[in-house]
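Trainee: the sequence isn't on hand, but the structure is:
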């Protein structure tokens, strides 16, 4: 059957109109319910650092901050920073390194009639909080001290920092800036922390020293209630050349991704490339919530272990992008060693002491110890053992310091020491009474002296050690039962003393027993006389009963 051509054309037209309407309905439905645009991962964002490796130390010279300069091109003015146009050769620029810190902002006055000034807004303003940063200023040259205006009580300095609040640009500079006498020395980095409360005032700490507290906020135009930006400027407007300042790692407490003080420790540089212009950027460490960043940044050094990091971003159209997950490991801290034994100041003797340790480190590699500060090292395996006797013998009476070492697979080395007392001198026993060869019919009395500061136990024997008798008094009577069992004639009385280190001293003498009276031999141990007689009687009766009658 043939279908007319007009019907085919009509059907195609109806299908096209229907599909167009359906598509518009789907798009309206999608827009109405704001379906999330799927994230893309096709190489638009690629992480450069951290690399897929083990980090045994932070990245040298990179410090975390809410506002840093890692994403700015070297030699350019940092993005988002306002600056007063300089003259006379003055300039602003990011330098790749200055005195141990990487990617820092340099502000230099090289003459001209205009003072230099730069500032940056915080991501959000604040009414209460803390701001910290690092500042370095050089010695400078060409400054005439007689030209310094001291009417406001300011120090002869070249730069000053401050904060601006809302509309007080028209307020007097001296009300919103402070210079602190003798606080900033030249040619070194200084840590600065400012704490403020707009309803109370503010205070400054420089290198952890408090320089005044409770500075009041002046009423400015617009009656400001919030701190909005950070500012740094030279105090000179005239042609006084060649002095500069460097700024690094500005942090503020109301930044959820920053803790005050983080900028004092080096971290890891997070750097990445993007093939598209991103409107928002962030990263996630170990699968945690995203943290907003402006670009390349320094993150605080993660704890030892395996980590993952991923960078996210979206463009102005709302399309989301993500990098591949980058894995890396940190192994910065050395093993932690706890010496369980021997305890500090414990007493040891001639025999080398044993030891037990706790070293909770999954990457533990080798362990060793030394008794001479590391000159001679003795390796060991496991977490317990005994100190080498040969090395122990080299140490005389007194104290011995045992230092234990451990390193991990990243060659981080830790050590822990314990000092023990070594006592190799045996107790000295002097027998004051009786005298050698003295004759006794009855039990003799003894009188001894023991010279030992760490005495533990004293005892004696008169039968060669078959029976020992512990004593706590050094004047007493020999055990009467032992003396009774001793045979007539020479009797050796031997005294022993042991100290806490286990050293044993001894002394003896021979006396003569003249008594002929002997103790009757002891009864057969373990037998009862009545029981034995009873058993014999019972056996006799049974024998008699079995005898045949005649």
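Mentor: Yes, it's here. Here the structure is a predicted model, which means the values were calculated and not measured. Residues are numbered from 1 along each chain as shown.
Trainee: which residues of the stretch 451-550 of the chain fall in helices?
Mentor: Applying DSSP state H, counting those that start in this stretch to the stretch 451-550 of the chain gives helices spanning 480-485, 529-546.
Trainee: buried ones in the shortest one, by neighbour count?
Mentor: Neighbour-count burial for helix 480-485, with 16 or more other C-beta atoms under 10 Å as criterion, is recorded at 482-483. C-beta: built from backbone N, CA, C; applies to glycine.
Trainee: which outside residues touch it?
Mentor: Here helix 480-485 makes contact (C-beta atoms under 8 Å, 6 or more residues apart in numbering) with 442-444, 462-463, 467, 469, 491, 513, 519.
Trainee: and of those, the nearest to residue 115?
Mentor: Comparing the contacts of helix 480-485 against residue 115 with C-beta to C-beta places residue 469 closest, at 97.3 Å.
Trainee: please name the nearest non-neighbouring residue to the closest one.
Mentor: In this structure, residue 469 finds its nearest non-sequential neighbour in residue 479, 5.2 Å apart by C-beta to C-beta, 6 or more residues apart in numbering.
Trainee: relative to residue 458, how far out is residue 433?
Mentor: 16 Å (C-beta to C-beta, to the nearest Å).
Trainee: please say which of those two ends up with more neighbours.
Mentor: residue 458 (21 against 12; other C-beta atoms under 10 Å).
Trainee: for the residue lying closest to the more buried one once chain neighbours are set aside, report the pLDDT, please.
Mentor: Nearest residue to residue 458 in three dimensions, chain neighbours excluded: residue 497, at 4.8 Å (C-beta to C-beta, 6+ apart). Residue 497 carries a pLDDT value of 96.
Trainee: go on, the one 10 residues further on?
Mentor: Here, the pLDDT recorded for residue 507 equals 96.
Trainee: hey, what's the residue nearest to it when sequence neighbours are not counted bridged with?
Mentor: Of all residues not flanking residue 507 in the chain, residue 429 sits nearest, at 3.9 Å (C-beta to C-beta, 6+ apart). For residue 429, the beta-bridge partners are residue 450 (DSSP bridges).
Trainee: circling back to that earlier point, so who does the residue nearest to residue 469 touch?
Mentor: Residue 479 sits next to 443, 462, 469 when contact means C-beta under 8 Å, 6+ apart.
Trainee: most surrounded residue in the residues you listed?
Mentor: Most neighbours among the contacts of residue 479, by other C-beta under 10 Å: residue 462, with 23 neighbours.
Trainee: what distance do you get for it to residue 496?
Mentor: Relative to residue 496, and taking C-beta to C-beta, residue 462 is found at 12 Å.
Trainee: and the contacts of residue 479, which of them are in strands?
Mentor: Counted as lying in strands by DSSP state E, out of the contacts of residue 479, are residue 469.
Trainee: mind giving me CSV with the contacts of residue 479 and columns for pLDDT and distance to residue 121?
Mentor: What follows is those, written out as CSV (pLDDT from 0 to 100; distance: C-beta to C-beta, whole Å):
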residue, pLDDT, distance to residue 121
443, 94, 102
462, 96, 97
469, 96, 91
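Trainee: can I get the contacts of residue 479 in JSON lines including distance to residue 228?
Mentor: Formatted as JSON lines, these follow (distance: C-beta to C-beta, whole Å):
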{"residue": "443", "distance to residue 228": "101"}
{"residue": "462", "distance to residue 228": "97"}
{"residue": "469", "distance to residue 228": "90"}
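Trainee: now do the contacts for the one residue sitting closest to the centre of the chain.
Mentor: Closest to where the C-alpha atoms of the chain average out (C-alpha atoms, centre = their mean) is residue 333, at 7.4 Å. Contact analysis of residue 333 by C-beta under 8 Å, 6+ apart lists 304, 412.
Trainee: any idea how far it lies from residue 69?
Mentor: Where residue 69 is concerned, residue 333 sits at a distance of 29 Å (C-beta to C-beta).
Trainee: how confident was the prediction at residue 71?
Mentor: With respect to pLDDT, residue 71 has a value of 95.
Trainee: for the nearest residue to it once chain neighbours are set aside, grab phi and psi.
Mentor: Distances taken as C-beta to C-beta, 6+ apart put residue 295 closest to residue 71, at 3.0 Å, once the chain neighbours are dropped. When read as degrees, to the nearest 10, the backbone of residue 295 gives phi 160, psi -150.
Trainee: wait, residue 103 sits on residue 69?
Mentor: Yes. Residue 103 is within contact range of residue 69, at 4.5 Å (criterion: C-beta atoms under 8 Å).
Trainee: what residues are shared contacts of these two?
Mentor: Both residue 103 and residue 69 are contacted by 94, 248, under the criterion C-beta under 8 Å, 6+ apart.
Trainee: okay, the two: which has more neighbours?
Mentor: Using other C-beta under 10 Å, the more surrounded residue of residue 103 and residue 69 is residue 69, with 28 against 24.
Trainee: which SS class is that one?
Mentor: Three-state call for residue 69 (DSSP: H, G, I helix; E, B strand; the rest coil): coil.
Trainee: contacting residues around it?
Mentor: Each residue near residue 69 by C-beta under 8 Å, 6+ apart is listed here: 78, 94, 103-105, 248.
Trainee: surely residue 48 is within a strand?
Mentor: Yes. The assignment for residue 48 (three-state DSSP) places it in a strand.
Trainee: what score does it have for pLDDT?
Mentor: 97.
Trainee: over to the one 4 residues further on?
Mentor: What the model reports for residue 52 is a pLDDT of 96.
Trainee: how deep is it tucked in, by neighbour count?
Mentor: Using other C-beta under 10 Å, residue 52 is surrounded by 9 other residues.
Trainee: pretty sure it is touching residue 325, no?
Mentor: No. Applying C-beta under 8 Å as the test, residue 52 and residue 325 come out as separate, 10.1 Å apart.
Trainee: so where's the protein shaky on pLDDT?
Mentor: Scanning the chain for pLDDT under 70 picks out 1-42, 139-158, 164-183, 212-224, 235-241, 516-550.
Trainee: can you list the domain ranges for it.
Mentor: Domains of the chain are assigned by automatic domain parsing as 1-35, 45-57+269-330, 81-265, 338-422, 427-550.
Trainee: what would these look like in TSV with distance to residue 64?
Mentor: Below are the domains of the chain laid out as TSV (distance: least, C-beta to C-beta, whole Å):
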stretch	distance to residue 64
domain 1-35	35
domain 45-57+269-330	5
domain 81-265	5
domain 338-422	22
domain 427-550	54
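Trainee: what's the closest of these to residue 73?
Mentor: Short answer: domain 81-265, nearest of the domains of the chain by C-beta to C-beta, at 7.0 Å.
Trainee: can you get me the start-to-end distance on the closest one?
Mentor: 25 Å (C-alpha to C-alpha, to the nearest Å).
Trainee: over to stretch 495-505?
Mentor: Counting by C-alpha to C-alpha, you get 8 Å between the two ends of stretch 495-505.
Trainee: so which bits of it are buried?
Mentor: Buried positions in stretch 495-505, judged by neighbour count with 16+ other C-beta under 10 Å: 495-501, 503, 505.
Trainee: give me the contacts around that stretch.
Mentor: Contacts for stretch 495-505 (C-beta under 8 Å, 6+ apart): 347-351, 421-429, 431, 446, 448, 450, 452, 454-461, 468, 506-508.
Trainee: before we move on, back to that, so who does the residue nearest to residue 71 touch?
Mentor: Neighbour list for residue 295: 70-71, 281 [criterion: C-beta under 8 Å, 6+ apart].
Trainee: show me which of those is closest to residue 260.
Mentor: Using C-beta to C-beta, residue 70 comes nearest to residue 260 of those, at 19.7 Å.
Trainee: how many other residues sit next to that closest one?
Mentor: For residue 70, the neighbour count with other C-beta under 10 Å is 21.
Trainee: from residue 289, how far out is the nearest residue to it once chain neighbours are set aside?
Mentor: Leaving aside its chain neighbours, residue 70 sits nearest to residue 296 (4.3 Å; criterion: C-beta to C-beta, 6+ apart). According to C-beta to C-beta, residue 296 stands 20 Å off from residue 289.
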